[in-house]
Each structure stands twice: as C-alpha cells, then as structure tokens.
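In: Got a sequence here, can you build the structure:
(4 chains)
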Protein chains: 4
Amino acid sequence: MKTGRLEAFSDGVLAIVITIMVLEMKAPEDTTFKGLLSVAPIFISYLLSFIYLGVYWNNHHHLMQVTQKVNGKILWANLHLLFWLSLIPFTTSWIGEDSHHTVALPVATYGFVLLMCAVAYFILERVLIAYHDENFALSKLCKSTVKDYISVGVYIISIPLAFVNTWLSIACYVLVALIWLMPDKQLEDLMEDM
Amino acid sequence: MKTGRLEAFSDGVLAIVITIMVLEMKAPEDTTFKGLLSVAPIFISYLLSFIYLGVYWNNHHHLMQVTQKVNGKILWANLHLLFWLSLIPFTTSWIGEDSHHTVALPVATYGFVLLMCAVAYFILERVLIAYHDENFALSKLCKSTVKDYISVGVYIISIPLAFVNTWLSIACYVLVALIWLMPDKQLEDLMEDM
Amino acid sequence: MKTGRLEAFSDGVLAIVITIMVLEMKAPEDTTFKGLLSVAPIFISYLLSFIYLGVYWNNHHHLMQVTQKVNGKILWANLHLLFWLSLIPFTTSWIGEDSHHTVALPVATYGFVLLMCAVAYFILERVLIAYHDENFALSKLCKSTVKDYISVGVYIISIPLAFVNTWLSIACYVLVALIWLMPDKQLEDLMEDM
Amino acid sequence: MKTGRLEAFSDGVLAIVITIMVLEMKAPEDTTFKGLLSVAPIFISYLLSFIYLGVYWNNHHHLMQVTQKVNGKILWANLHLLFWLSLIPFTTSWIGEDSHHTVALPVATYGFVLLMCAVAYFILERVLIAYHDENFALSKLCKSTVKDYISVGVYIISIPLAFVNTWLSIACYVLVALIWLMPDKQLEDLMEDM
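Out: Residues are numbered from 1 along each chain as shown, chains lettered A, B, ... in the order given. Below you'll find the model as predicted:
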C-alpha cells in the first residue's frame, strides 16, 4: 500500500477543518467599528487554530515524505489524529464566543484537544516507525525534538492553569504556536543563550 | 478509464462528509461541566459515525487498489454509495440531539442508512467483479467475509430492535463498529474460541 | 499547461457542492414518522440534484480524459461552469423547503440554473475544441448528442411551464435526469421504437 | 520537497472557500420575484468574490507550475495567503447582507482583506524567487506586472473611498476584477490607446 491516497484524504480533511472554522465568524449586524471588534475574540482564536492546523499539516507533510508504505494500523492511527484535529473547530468556536476566553472550562477544553492531537501524532509516529524499522530517515525525523517535549509539557500545565487564570493558559497556547513557527536552528540558538 | 479521478472525488466527498458532522456540535452557551456534558450525545454519535466512515474509507481504499479500470456503471455504483454515506451526517445529528437516542425512529433511521450503505458497497463490489472477471485479486478481496455477513445481519436486526429498546439497537451499531476495527486475524481467533 | 490541477480543483468544488446540500436537511424536532416525512421534499430535491451533479461530474471526467492541454480561456470556461453548478445547493434548498415545490418561482429558478449549467458546459466544450482543433477524439465526444438537445429543449420548456403547473415542470427535470442515467445505447433503441 | 501536496492542499482550501460562500445565500422565505431580488446583494457579492478567488486560483496555478521545490518558508508563505483568502467569505457575507453595501465599514473591510491577499501573494512570490534564484522562468513570471500595480493601487485608494461613497469603492473592486479577467495582450493594447 502506498501513501498517496492517505495523503489526499488527510489533505482533504485538514483543508476542510482549517476552512470551516471561518464559518463561525458570522458577519456582525452592527456595521460600526464596535461591531467589527465584536468578532475579534473569534478572529483571534481562528488565527491561533489556523496556525496550529498549519503546523500539523506541515509536520504531516514531512512525515509522509519519508514514509514508504502504509498498513491498516497506520490508516487508523492517521484517522485517530484526524479525529482530534477535527474537534479544533468546536473548541475554537467555544473559546471564541462572547467572553468565553475568560472562563476556565472552554480554555481548558481547548488545551485538552491540543494535547490529544499531540498524543495522536505521537502514536502515528510510533506506528510508522514500527512498520519501517529499517528506515533510518523516518526514525531520525520522528526522534522527539525539544519542540515536542515543550509542547506536551506546556499543554499539561496549561489545562489546570485555565482554572487559575485563563490568560496565562492562553499565553501558553500562543507560546507553543510561536515555538513551532520558529525555524529549528533559531530555537536552538535561543535555548543556548538562556 | 482509470481509477485516479474516481478515487480523488470519493476522497473529497468522504473527507467532507466525515468533517461536516462536527459542525453539528455547536459550542454550548453554558460554560460549566454541565454545558460540556450536554454535547456528549452528539459527540458520541459523531465518534461512532466517524469510525463507520473511516471503515468505509479504508475498505474503499483497498477495493480501488485492486481495481484497474472503471466504466460508467462503476462510476454510478460509486456515486450511489457516496449518496448513502452522505446521509450519515443527517442521521448522526438526528440521533445526537437532546435525548433522541432513546426514541425509536431516529435510532432505526440511523441503522437503515447504515444498511443501505452496506447494500450500496455490496453493489459496487458486484459491478467491479463483473467488469474484471479475469481479475483474481479483486474477486478474492470481494468475497464476502464473515464481517460483511455479521454487519448486514446485525443491521437488519437492530432496525426493528430500536422500537423495542433503543439501547440494544445502539449496542448493535457499536458492536459492528468494533468488529470492523478488529484486525481480521484476531476476529477469526475469537470466533474459533466461541 | 496540463489538466491535472484543473481536474483536482473541479473535483474539490463538485465534491463540496454535492455534499453541502445535505446540510440543508436539518434533523427534525419531531421524532415521529410525520417528522421524518417533513424532510421528504428536501430529501427528494437533494436526490434529484445529486443525480444532476453526478451526471456533470461523469461528463466532466470524460471530457477531461480526452483533453491534453489547457489555456487561460479554458480555466475560466471551467470556473464559469463551476459557478453555475455551485448555485444548485441554493435552488435545491429553495425548492425543497415547505411546499415551495408547488410555487412557480422556486421551480422555475431551479430550471434556470440547470439551463445555465448546460450552457456553461456547452461553452466549455466549444473552448476546448477551439484549442484542440486537430484532436479528433475531443471533437467526436463533444458532438452534441441527442441527450444535449433534449436536455436544453426540456429546460427551456420547463421554466415557463412552472408558472402553469409546477408538477409538470418537476416531471421534466426528473425526465432529463433519467435520460442521462440511461446508457446511450438503450436510449437510441428507445428512440427508434417510438 | 516537491510542490504536489502543497498544490493539493491549496486546491482543497480554495475549493472550499469558493464554495462555502454560497451557504450564505439562504433560500428566501418569500417565493415571489421580490423574495428572489432580496438575495441580489449577496448574489452579486458572491459573484465578485468568486471571480477574485478564481483569479487567485489561476495565478497560484501558474506560479506553482514554474516552482520546482518548496521549503518551510514557502509552506508558511502559502498558508499565510490561504489565511487571508479564507477571510473572503466573511467579508463577502458582511457586504452582501441587507443594505451593507451602502455602509462604509463593510465595504472598506472587503477592500482591506483583498489588499492583504495581494500582499500575501507578493510575499509568496518573493519567498519563491529567493529559493529559486537561478530559475529564470519564475523570476520572469513574478515580475510585478501592470496588473499588480493597478490592483494594489486601486485597493489602497478604495479603502478610504468607502467612507466617502461606497459605490465608488465597489466600482473599484469590480474594475480590478475585470482587469484580471482581461487577457494580458488586450490590456496592453488598451493602455497604449489611452
């Protein structure tokens, strides 16, 4: 079995997930700047989720490029990842409504789904390695990097943190997104400087 | 005619069908755990339908891999399958609303659409075999397996069962989904042990 | 320029157009057979539009198979076709609501959009032939068949007919859909017998 | 890294963005010509946005045809473009509602998103050229044409213009769309004649 159709299906699902979030940004009745500002929370949560889904699409792209063959287990590990990613529009719209970004549960739920996406991605990597044991490129790529450890660590902290202060929790999500946007080299230099 | 575009179109439709179901999970107004629990029925029905659509995507993927050529009949048999699969978001949202999982008709309708999907898949297999008579791989793959017989049998039972007790009917749907998730070998061992 | 990406984009748009129509079938509040019957008009209009879009996808598929190269004009002729096809979910939901299938304007509008789709498809064929003049296969395929003439003729009749009796008009749309579902040979035999 | 999957993902997102706009055209309750006319503003704004997205898809298509390889920066420059394009359905539905086309802010916001799309496309071109420095075809294609300068110039003018008279602003958007629809040669002849 080749990876072509798995990639096509994943691209389709990711393209839809990343795009349907914008359906939550309803055109405001109020046509003043105040009306436009009222969509700011959902806009910002959309922007953040767009970056996260972009990161997953990029990483998935890289992972599949070194994958040579797939089996039933890999198909299901991939569907499992898509399932959690498909919940991001739900958590994005929950966090983006009214002043829900100041309420603990929506913010914690947002982090929980991100954590489960990271776990699902980790499982997909393990299943791929198990099936490609001789494949050095894949094992090397899948070696959990400092980004992976920071992400999962920050998610685990940010979920309970939402019940203390939602802004700290949101700052964590923004931080992780920024870390992923940063090229690997720059990040290493930054870590050394600290 | 080659299978490339048929696969691409089917992937597109399946990716949309599997993803738009999540649009039914509206972000709850209530931001307490009670509010989050209120989306549990639609979440669980989404999870179940996601697994079913994942199974169909996997099986369709396998079927197309041994298919070498397509004709007009096959294109329409495939569209017929996509039609019934496209109704799953409707039955999923009907069963997932409020306490509809305790009402006979939505539960029976959910099973009826699953039954029609199975019938449409069976027709697609027959049409493919008729066009590839010399192709051993396809005939072998399409040999109705124990999974097919159990599935159709359970669907036929579970539709009237919904009018007796919806929970029994739902248990049937969950059972079929689990059977499909189970690798073939494990299932055979289990059947022998019984 | 090759046809690959034009096909992929068209498949994407057609897959979305054919699938989002089902979003109009809202799960009824009423969980009795009466409630289920209330979605019958939208279900039947969905089924009819699904067949029409399936026919366009099939024909587009065949057309692109004999197309070797595309230019800017062809890209726009194709987008023009996709534009009219993308209006089908609108007319489908208008005709499918309440008892709108008994009101002249929604039924006539449904036919008008079908007519414009047929015109746009005809333009696409002409633009393709003009760019492939030496290509015999394409010219032969694009030779307007009896089906094309019947379709356009029936659309033109059925639009004013909707203002006389909507059922006659709807019967026309069903007839055209059935003609397209019929294999070419069978149709020829039928015409000879008449 | 090759361009295949980047194109597939972009096609997916563009196909969805171009299609979901039609979801904003709700079937009117009123089944008279007056009812149909009530969807005219959203229909016209849909048509305009459809043309803009068609232009971007065409240009993206051409750009990717001369692109031989992609890196992380290019993937993100492309996602950045898709982000702004994905906001077009939002501004389209805002401008298309009721009489919002006569209100300054929705019309100015529509132009602002178009301007950001043009900027994002310009960035994508720069990033591509920087990575393909030896590639003549790309540099030549990316040479900002008269169309690019006119577009950006008109967008910058039309945003403040919306606060003076929205119709002038809308005329600007229509003008830019028409310029892009016009083949390059014809445009050059027209410019010479002036």
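
In: Now A:Gly111: which helix or strand?
Out: helix A:104-131 (DSSP states H and E).

In: Output the below-cut-off pLDDT ranges for chain A.
Out: A:1, A:133-145, A:184-191, A:194 (pLDDT under 70).

In: so what's the residue nearest the centre of chain A closest to, chain neighbours aside?
Out: For chain A, the residue nearest the mean C-alpha position is A:Tyr52 (3.8 Å; Cα atoms, centre = their mean). Nearest residue to A:Tyr52 in three dimensions, chain neighbours excluded: A:Ala177, at 6.1 Å (Cβ to Cβ, 6 or more residues apart in numbering or on different chains). Every C-beta, even on glycine, is put in place using the N, C-alpha and C of the backbone.

In: was I right about the one you found contacting A:Tyr56?
Out: No: using Cβ atoms under 8 Å, A:Ala177 makes no contact with A:Tyr56, being 11.3 Å away.

In: So between these two, which is more surrounded?
Out: Under the criterion of other Cβ atoms under 10 Å in any protein chain shown, the comparison of A:Ala177 against A:Tyr56 puts A:Tyr56 first, with 24 against 20.

In: Identify the residues contacting that one.
Out: A:14, A:81, A:85, A:117, A:121 (Cβ atoms under 8 Å, 6 or more residues apart in numbering or on different chains).

In: ok, and for the one helix or strand the residue nearest to A:Tyr52 maps to, which residues are buried?
Out: Element membership for A:Ala177 (DSSP H and E) is helix A:166-181. Across helix A:166-181, burial judged by 16 or more other Cβ atoms under 10 Å in any protein chain shown covers A:166, A:169-170, A:172-173, A:176-177, A:179-180.

In: And these, which is closest to chain D?
Out: Among the buried residues of helix A:166-181, A:Trp180 lies closest to chain D (Cβ to the nearest Cβ), at 10.3 Å.

In: In this structure the closest one contacts A:Ile150, no?
Out: No: taking contacts as Cβ under 8 Å, A:Trp180 lies outside contact range of A:Ile150: 9.5 Å.

In: Distance check, A:Leu82 against B:Ile51.
Out: Distance from A:Leu82 to B:Ile51, counting by Cβ to Cβ, to the nearest Å: 12 Å.

In: cool, and A:Glu7?
Out: Separation of A:Glu7 from B:Ile51 (Cβ to Cβ) stands at 21 Å.

In: Return the members of the contacts of A:Tyr56 classed as buried.
Out: For the contacts of A:Tyr56, buried by 16+ other Cβ under 10 Å: A:14, A:81, A:85, A:117, A:121.

In: and the second one, what does it touch?
Out: In this structure, A:Leu81 makes contact with A:56, A:60, A:117, A:120-121, A:123-124, judged by Cβ under 8 Å, 6+ apart.

In: in which helix or strand would I find it?
Out: Take DSSP H and E as the rule and A:Leu81 turns out to sit in helix A:72-86.

In: hmm, back to that, which of the buried ones among the contacts of A:Tyr56 lies closest to chain B?
Out: After measuring these against chain B - Cβ to the nearest Cβ - the closest member comes out as A:Leu14, at 8.8 Å.

In: Ignoring the adjacent residues along the chain, who's closest to that closest one?
Out: In space, and not counting its chain neighbours, A:Leu14 is closest to A:Trp57: 5.1 Å by Cβ to Cβ, 6+ apart.

In: May I see the buried residues of the one helix or strand the one you found maps to?
Out: Assigned by DSSP H and E, A:Trp57 falls within helix A:40-65. The neighbour-count check on helix A:40-65 (16+ other Cβ under 10 Å) flags A:41-43, A:45-46, A:48-61, A:63-65 as buried.

In: Near A:Trp94, how many other residues are there?
Out: A:Trp94: 28 neighbours (other Cβ under 10 Å).

In: quick one: the nearest residue in space to it that is not next to it in sequence from chain D, how far?
Out: Counting by Cβ to Cβ, 6+ apart, the nearest residue to A:Trp94 once its immediate chain neighbours are dropped is B:Ala27, at 3.7 Å. Distance of B:Ala27 to chain D, given as Cβ to the nearest Cβ, to the nearest Å: 18 Å.

In: ok, B:Ala27 - how many residues close by?
Out: B:Ala27 has 21 nearby residues by other Cβ under 10 Å.

In: In what element of secondary structure is the closest residue to chain D within chain A found?
Out: In chain A, the residue that lies nearest chain D is A:Ala15 (3.1 Å; Cβ to the nearest Cβ). Using DSSP H and E, the element containing A:Ala15 is helix A:4-20.

In: quick one: buried residues of that helix?
Out: A:5-20.

In: Format the contacts of A:Tyr56 as CSV; extra columns: distance to C:Ile74.
Out: Shown next, in CSV, are the contacts of A:Tyr56 (distance: Cβ to Cβ, whole Å):
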residue, distance to C:Ile74
A:Leu14, 29
A:Leu81, 38
A:Leu85, 36
A:Cys117, 41
A:Tyr121, 41
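
In: out of these, who's nearest C:Trp94?
Out: Checking these against C:Trp94 with Cβ to Cβ, the nearest one is A:Leu14 at 32.2 Å.

In: Verify the contact between that closest one and A:Leu85 for me.
Out: Yes: using Cβ under 8 Å, A:Leu14 is in contact with A:Leu85, at 6.9 Å.

In: Next to chain D, which bits of chain A? Give me the list.
Out: Residues of chain A lying near chain D by Cβ under 8 Å from any Cβ of the partner chain: A:7-8, A:11-12, A:14-16, A:18-20, A:22-23, A:25-28, A:31-33, A:35-36, A:47, A:50, A:54, A:57-58, A:61, A:64-65, A:181, A:183.

In: Please list all residues in contact with the residue of chain A closest to chain D.
Out: Contacts of A:Ala15 (Cβ under 8 Å, 6+ apart): B:15, D:9, D:12-13, D:15-16.

In: Same question for A:Trp94.
Out: A:100, A:106, A:109-110, B:27-28, B:31.

In: between these, which has the most around it?
Out: Neighbour max across the contacts of A:Trp94 (other Cβ under 10 Å) = A:Tyr110, 32 neighbours.

In: my guess is that residue contacts A:Pro89, does it?
Out: No: at 11.4 Å, A:Tyr110 does not count as touching A:Pro89 under the criterion of Cβ under 8 Å.

In: Give me every residue in chain A that's in contact range of chain B.
Out: Checking chain A against chain B by Cβ under 8 Å from any Cβ, the hits are A:1, A:5-6, A:8-9, A:12-13, A:15-17, A:20, A:23, A:72, A:75-76, A:79, A:82-83, A:86-87, A:89-90, A:93-94, A:97, A:100, A:103, A:105-106, A:109.

In: try it again with 7 Å
Out: By the rule Cβ under 7 Å from any Cβ of the partner chain, the part of chain A lying against chain B is A:1, A:5, A:8-9, A:12-13, A:16-17, A:20, A:72, A:75, A:79, A:83, A:86-87, A:89-90, A:93-94, A:97, A:100, A:103, A:105-106, A:109.

In: What's the separation between the residue in chain A that chain B sits nearest to and C:Ala15?
Out: When scored by Cβ to the nearest Cβ, chain A has A:Gly12 as its residue closest to chain B, at 3.1 Å. Distance, A:Gly12 to C:Ala15, using Cβ to Cβ: 8 Å.

In: And A:Ala162, by the same measure?
Out: Applying Cβ to Cβ to A:Ala162 and C:Ala15 gives a distance of 38 Å.

In: burial measure for A:Val103, as a count.
Out: Using other Cβ under 10 Å, A:Val103 is surrounded by 18 other residues.

In: what sits against the residue nearest to it when sequence neighbours are not counted?
Out: Once flanking residues are discounted, A:Val103 sits nearest to B:Thr31: 4.3 Å by Cβ to Cβ, 6+ apart. B:Thr31 is in contact with A:100, A:103, A:105-106, counting by Cβ atoms under 7 Å, 6 or more residues apart in numbering or on different chains.

In: switch the cut-off to 8 Å
Out: A:94, A:100, A:103, A:105-106.

In: Does it belong to a helix, a strand or coil?
Out: Following DSSP: H, G, I helix; E, B strand; the rest coil, we place B:Thr31 in the coil state.
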